[in-house]
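[1] show me the folded form of this:
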Amino acid sequence: MKEAPPPPPSADRGDRSPRRPSRRAVLTALTAVSAATAAPLLSATPAAAARAGRTDDLLYIGTWGRNQVHAVRFDPVRGAMTPLGSVAEVSSSWVAVHPSRPVLYVAGAEQGGLIRSFGIDDSTGALRRTGEIGTEPVPTGSGGLSYIGPTGDGEALLVADFAAGSAATVSLTADGGLGAVASSVRDTGSGPSPRQAAPHPHHVVIDPSRRFALVADFGADRVFVYDYDRATHRLSAGSTGPGSFATAPGSGPRRLVFHPDGRTVHLLSELTADLRVLNWDTHQGVLTQRQLLTTNAPDHAGATSAAELAVSRDGRYVYVSNRGDNALVVFAVARGTGLLTEVQRLPCGGVTPWSMTLHSSGRWLFVANEASGSVNLFRVHPGSGRLTDTGTSVAVPNPDCVSVRHPHVGDTGPTRS
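    The predicted structure is shown next:
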């Protein structure tokens with residue numbers, strides 16, 4: 001996401017602006033330069049690292065179309081952010097930190113569905129390239145992963161390949177290294193929007209029982225439900241194909257998150273900016289709708305584009321970023337019913353809130369405002385769940401996501417089961 005040079009494309013990853021060039025055009029250009037930009041690694045600012053203590057966190061920030069990963073030192077006590085600058089020059093359409101190891105995974109925008117791993121130096125924030133893997137056996141002619149994320153046990157990576165129309169899993173070694181592609185499944189279907197001519201997976205999550213994988217498919221207007229083998233980390237469609245939940249035609253499902261109760265799924269659609277509350281049948285792997293509401297403002301006009309979704313750790317609040325309104329929206333979860341009520345709507349602190357990340361303490365929210373080139377810090381009120389813009393931000397060219405490394409937690413290694 002990114003300065004005055006080429007803005008990110010609108011034909012993929014759920015980008016909202018119709019004035020932007022197509023994703024294919026930009027990705028073609030990125031492929032040409034990726035070989036030259038993938039290798040160099042930049043060290044974090046020594047002075048900033050020296051001032052930081054081991055209790056501080058590290059934020060790693062992807063940059064859409066900029067071929068950089070940026071790092072920020074974050075003090076969760078004072079709410080202070082210290083920019084460390086670019087720590088890797090590599091295509092970074094999404095980034096994710098291992099849940100217990102000092103490893104960062106970076107999804108590329110080139111052909112082949114490339115993922116790269118980096119060792120993290122907790123004292124400086126610097127990165128050291130440790131591995132690379134392609135998730136497409138046969139490149140599709142266009143590239144670009146829309147999401148990668150480690151499973152909770154740290155044993156595998158979940159991958160959504162928007163361009164290829166597929167979801168994949170990659171096994172991880174005990175130290176967090178990239179193993180092999182464990183499985184790949186291809187969605188089917190399309191929608192009425194010109195951006196929905198084919199399936200486009202946008203997000204993949206494992207259900208609490210670890211028996212199913214849910215794939216939000218932007219292009220097919222579906223949430224596909226695949227079988228998941230927790231031992232081999234394989235996705236499979238079963239004998240009769242994957243289950244699915246259909247959204248309204250042209251809605252473009254983008255993000256889904258399980259509520260801590262394990263029985264409720266929140267689903268955000270990009271093109272209609274709708275938020276759904278779904279019941280999850282963990283025995284049958286079936287979704288049914290309980291509530292549908294808009295995340296647009298009552299006076300909304302112009303482009304419609306919802307982007308990111310998060311649920312508080314205690315399950316009391318749901319947070320949404322709305323790019324059409326440049327707003328953050330907070331919903332309260334009713335006890336007993338689990339239904340949502342809007343309790344706050346406020347400016348995102350910039351333009352195009354592409355993604356947002358809740359800090360593990362529950363006290364902070366980081367918002368990646370892609371078009372305005374900033375990561376903004378919001379305080380989360382522990383009782384009401386409401387947000388306050390702290391006025392603190394760091395400049396990052398076209399940030400597309402924020403992933404947090406907690407060095408003080410220690411490296412316990414993946415939990416085996």
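
[2] contacts, neighbours, all on C-alpha from now
    Noted.

[3] residue boundaries of the helices in the stretch 101-250 of the chain?
    Shown for the stretch 101-250 of the chain, no helices are assigned by DSSP state H, counting those that start in this stretch.

[4] residues in contact with Leu271?
    Gly14, Gly250, Ser251, Gly252, Pro253, Thr304, Ser305, Ala306 (CA atoms under 8 Å, 6 or more residues apart in numbering).

[5] for the stretch 1-150 of the chain, give me the ranges with low pLDDT.
    Residue ranges of the stretch 1-150 of the chain with pLDDT under 70: 1-54, 138-143.

[6] and the strands in it?
    57-63, 69-75, 80-88, 94-97, 103-107, 114-120, 127-134, 145-150 (DSSP state E, counting those that start in this stretch).

[7] using PDB, write down the CA coordinates of the last one.
    If I follow you right, that is strand 145-150. Extracted C-alpha coordinates of strand 145-150, given in PDB (Å, rounded to 0.1, in the frame of the first residue of the first chain):
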ATOM      1  CA  LEU A 145      -1.100 -13.900  -1.800                       C
ATOM      2  CA  SER A 146      -3.900 -12.100   0.100                       C
ATOM      3  CA  TYR A 147      -3.200 -13.700   3.500                       C
ATOM      4  CA  ILE A 148      -0.800 -15.900   5.400                       C
ATOM      5  CA  GLY A 149      -1.100 -16.800   9.100                       C
ATOM      6  CA  PRO A 150       0.300 -19.500  11.400                       C
END
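
[8] tally of neighbours for Ala213?
    Using other CA atoms under 10 Å, Ala213 is surrounded by 25 other residues.

[9] oops, could you answer that again for Asp281 instead?
    Count around Asp281 with other CA under 10 Å applied: 13.

[10] that one against Arg263, yeah?
    Yes - look at Asp281 against Arg263 with CA atoms under 8 Å: they come within range, at 6.8 Å.

[11] C-terminal to the helix or strand encompassing Leu293, what's the next element?
    Using DSSP states H and E, Leu293 maps to strand 286-294. Using DSSP H and E, the helix or strand that follows strand 286-294 in sequence is strand 306-311.

[12] direction included, what does the strand holding Leu293 pair up with?
    strand 274-281 (antiparallel) (DSSP bridges).

[13] give me the angle between the partner strand and strand 306-311.
    40 degrees (axes from the mean of the first three to the mean of the last three CA atoms, to 10 degrees).

[14] could you list the buried residues of strand 274-281?
    Buried positions in strand 274-281, judged by neighbour count with 16 or more other CA atoms under 10 Å: Asp274, Leu275, Arg276, Val277, Leu278, Asn279, Trp280.

[15] what is the burial count for the residue lying closest to Ser184 once chain neighbours are set aside?
    Spatial nearest neighbour of Ser184, chain neighbours left out: Ala168 (4.2 Å); criterion: CA to CA, 6 or more residues apart in numbering. Neighbourhood size, Ala168 [other CA under 10 Å]: 23.

[16] now render the strands of the stretch 1-150 of the chain as CSV, adding distance to Leu292 and mean neighbour count.
    CSV is the format used below for these (distance: least, CA to CA, whole Å; neighbours: other CA atoms under 10 Å):
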stretch, distance to Leu292, mean neighbour count
strand 57-63, 31, 27
strand 69-75, 36, 25
strand 80-88, 37, 22
strand 94-97, 28, 26
strand 103-107, 32, 26
strand 114-120, 35, 22
strand 127-134, 38, 18
strand 145-150, 25, 26
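
[17] JSON lines please, covering those strands and showing distance to Ala246.
    JSON lines is the format used below for those (distance: least, CA to CA, whole Å):
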{"stretch": "strand 57-63", "distance to Ala246": "31"}
{"stretch": "strand 69-75", "distance to Ala246": "36"}
{"stretch": "strand 80-88", "distance to Ala246": "40"}
{"stretch": "strand 94-97", "distance to Ala246": "26"}
{"stretch": "strand 103-107", "distance to Ala246": "28"}
{"stretch": "strand 114-120", "distance to Ala246": "30"}
{"stretch": "strand 127-134", "distance to Ala246": "30"}
{"stretch": "strand 145-150", "distance to Ala246": "21"}
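
[18] and the ones you listed: which comes nearest Pro407?
    strand 57-63 (6.3 Å; CA to CA).

[19] listing partners with orientation, what would you give for that closest one?
    strand 69-75 (antiparallel), strand 399-405 (antiparallel).

[20] dump those strands into TSV; add distance to Thr294 as well.
    What follows is the strands paired with strand 57-63, written out as TSV (distance: least, CA to CA, whole Å):
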stretch	distance to Thr294
strand 69-75	33
strand 399-405	23
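
[21] any idea how far stretch 343-354 is from the chain center?
    17 Å (CA atoms, centre = their mean, to the nearest Å).

[22] may I see the buried residues of it?
    Result for stretch 343-354 [16+ other CA under 10 Å]: buried residues Arg345, Leu346, Cys348, Gly349, Gly350, Val351, Thr352, Pro353, Trp354.

[23] now do stretch 245-254
    Under 16+ other CA under 10 Å, the buried positions of stretch 245-254 are Phe245, Ala246, Thr247, Pro249, Gly250, Ser251, Gly252, Pro253, Arg254.

[24] for it, give me every contacting residue.
    Counting by CA under 8 Å, 6+ apart, residues outside stretch 245-254 touching it are 14, 191-193, 196, 202-203, 216-224, 267-274, 286-288, 307-308.

[25] strands - which of those land there?
    Per DSSP state E, strands hold the following members of the contacts of stretch 245-254: 202-203, 216-217, 222-224, 267-269, 274, 286-288, 307-308.
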